[in-house]
Structure formats: structure tokens, C-alpha cells
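Enquirer: curious how this folds, go ahead:
(chains A, B and C)
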Amino acid sequence: MSWGAMAGQLRWGGLVEEGWRKGPWTAEEDRLLTEYVRLHGEGRWNSVARLAGLKRNGKSCRLRWVNYLRPDLKRGQITPHEESIIVELHARWGNRWSTIARSLPGRTDNEIKNYWRTHFKKKAKISPENSDKARTHLLKRQQFLQQQQQLQQQQQIQNQQLLQLNQLDMKKIMSFIDENENKAPFTPSYEAGNGAPCRTPQHNRGAGLAI
DNA sequence: AAACAGACCAACCGCCATGCG
DNA sequence: ACGCATGGCGGTTGGTCTGTT
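Expert: Got it, this is the predicted structure:
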């Protein structure tokens, strides 16, 4: 565990009122949530705690999935093209981040919001005398981020290949379950048992789910 | 080498909209 | 029509990382 995660757990005290955990997510929690969504689909977030054995409230689970775990997320630096779209759409819609995010596949409202705040909100504060410094600073940082992005892209390709393999496996498992439903009970290691994969269309109205 | 400043981003909170009984 | 549960959205906070002084 990283120092950050440790600090987070110390700060948040692990368990809080009603037994819900707060603070940074662990790899194990991510795994449980991913597994839950793969089996039950998105939605019914308040059931996640019960069904996946997570000590997180529904809101926290949804946020984690939407902003971080979704397989279709495009990680890494915002491209100049995306930036121009953000600028244009912000001029049109203002701070309607989820609306803007709908026009940028793979980007979340949170990501765009953060990007806007750091790149544009503060630009107004940059005075002429220190704008050069800021520019070179930004340039160096962007070079660094570009390197990071290349690494992440490589990793993402590997992850997607892995995911495809997993999905194939899941299909096999699900068809196996279907075939054997009345023969032998399938008991995964976590509680996925009450069989209510309720993903209604009306639950997909938010930006996070729209592609 | 250490202190500091700023950028970045994950995660939380509160409010609001919607669906359902 | 009403109240409750749930989910979505925007704003904010706080920790980490990196570059600068």
C-alpha cells in the first residue's frame, strides 16, 4: 500500500458512521466492484455493498466506477483537439460538465471539470510578467505527461486484451450457469446471489453512462 | 538538499431530479 | 398527491507529485 493510501485510511479512520468506508479505494475494492458490475451491470448502486461485500455506499461505488473503473475510459492527457471541444462547449453550455463529457467519449465530467479548473480558470490570473514562466513550466510538464501517456496507452492495450479474454470467460461461465441452473448451484466466492440484475433504461440518464 | 508553490486528480458533499409505491 | 429511495450533477477539498527557488 502506498503512503498516500495509508494516510488516507488513517485520515478517514477506515470505517465511519454506519460502517461505510471512506477515502482512497484499494485494489481489492476495485476488483470487487469491477466484478460486481460485470455480473450485474451498472445501476442499483446501493445493492453493491450487500452483493459485492463492499463497505462503501452506493454513491461512492458509482463514482468510482464512472470516474475510474469503466473499461471504456480514455486515460491520459487531454489532447489539443479535445481541449478545443471543451472550450467550445463550455462557451455554449457553461459548467454543464456532464453535457460536455457526452461529446468527449472516454472522458468523465469529473476529468473535464478538473481540467477546466486547472487550465482555464487560473489562466485569467496569470499576469504578463510571469506568463513566460508559466508557459515553459506547462511545456515541460506536458512533455512529462506525454511520456506517461505513452506508457499508459501501452498498458491500456494490454488491459483491453485481458478484459476481452475475461469477457469470453464470463460468457462461457454464464452459459454454463444457464445450462446447469437446475442441475448444480454455482457459488462464486462473493455474494452474488439474489439474482436481481436490474439495469433499467431510466437509470442511464446521466452523463457518466452515456457514450 | 530542502523548502515552497502550483498543478493535478481522486473522492467527498450537498442539492436536485426522477421513479416508484 | 405525497414521501421515500436512488442516482446524477456540480462544487469543493485535500493529498500527491513535480518543478522552481
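Enquirer: so what does residue A:21 look like in phi/psi?
Expert: The phi/psi pair for residue A:21 (degrees, to the nearest 10) reads phi -90, psi 150.
Enquirer: surely it touches residue A:53?
Expert: No - here residue A:21 lies out of contact with residue A:53, judged by C-beta atoms under 8 Å, at a distance of 11.7 Å. Just so you know, the C-beta spots here come from the backbone N, C-alpha and C atoms, and that holds for glycine as well.
Enquirer: higher neighbour count, those two?
Expert: residue A:21 (20 against 15; other C-beta atoms under 10 Å).
Enquirer: against DNA strand C, how distant is the closest residue in space to that one that isn't next to it in sequence?
Expert: With C-beta to C-beta, 6 or more residues apart in numbering as the measure, residue A:55 is the residue that lies nearest to residue A:21, at 4.3 Å, once sequence neighbours are left out. Separation of residue A:55 from DNA strand C (C-beta to the nearest atom of the strand, to the nearest Å) stands at 16 Å.
Enquirer: how about residue A:55, secondary structure?
Expert: coil (DSSP: H, G, I helix; E, B strand; the rest coil).
Enquirer: can you give me the distance of it to residue A:62?
Expert: Taken as C-beta to C-beta, to the nearest Å, the spacing of residue A:55 relative to residue A:62 amounts to 15 Å.
Enquirer: residue A:52 too?
Expert: As for residue A:52, its distance to residue A:62 is 13 Å (criterion: C-beta to C-beta).
Enquirer: overlap of the contact sets of the two?
Expert: None of the residues lies in contact with both residue A:52 and residue A:62 under the rule C-beta atoms under 8 Å, 6 or more residues apart in numbering.
Enquirer: before we move on, back to that, so who does the residue nearest to residue A:21 touch?
Expert: A:15, A:19-21, A:49.
Enquirer: quick check: chain neighbours aside, which residue is closest to residue A:36?
Expert: Ranked by C-beta to C-beta, 6+ apart and with sequence neighbours excluded, the top spatial neighbour of residue A:36 is residue A:52, at 3.8 Å.
Enquirer: the one you found contacts residue A:38, correct?
Expert: No - using C-beta under 8 Å as the test, residue A:52 is too far from residue A:38 to be in contact (10.6 Å).
Enquirer: higher neighbour count, the two?
Expert: Set side by side, residue A:52 and residue A:38 show unequal neighbour counts under other C-beta under 10 Å, the larger going to residue A:52 at 22 against 13.
Enquirer: name the helix or strand of chain A that has the lowest mean pLDDT.
Expert: Within chain A, judged by mean pLDDT, DSSP states H and E, the helix or strand with the poorest mean is helix A:3-12; its value is a mean of 34.
Enquirer: what residues sit buried inside the helix or strand following that helix?
Expert: Beyond helix A:3-12 in the direction of the C-terminus, DSSP states H and E gives the next helix or strand as helix A:27-40. Judged by neighbour count using 16 or more other C-beta atoms under 10 Å, the buried positions of helix A:27-40 are A:29, A:32-37, A:39-40.
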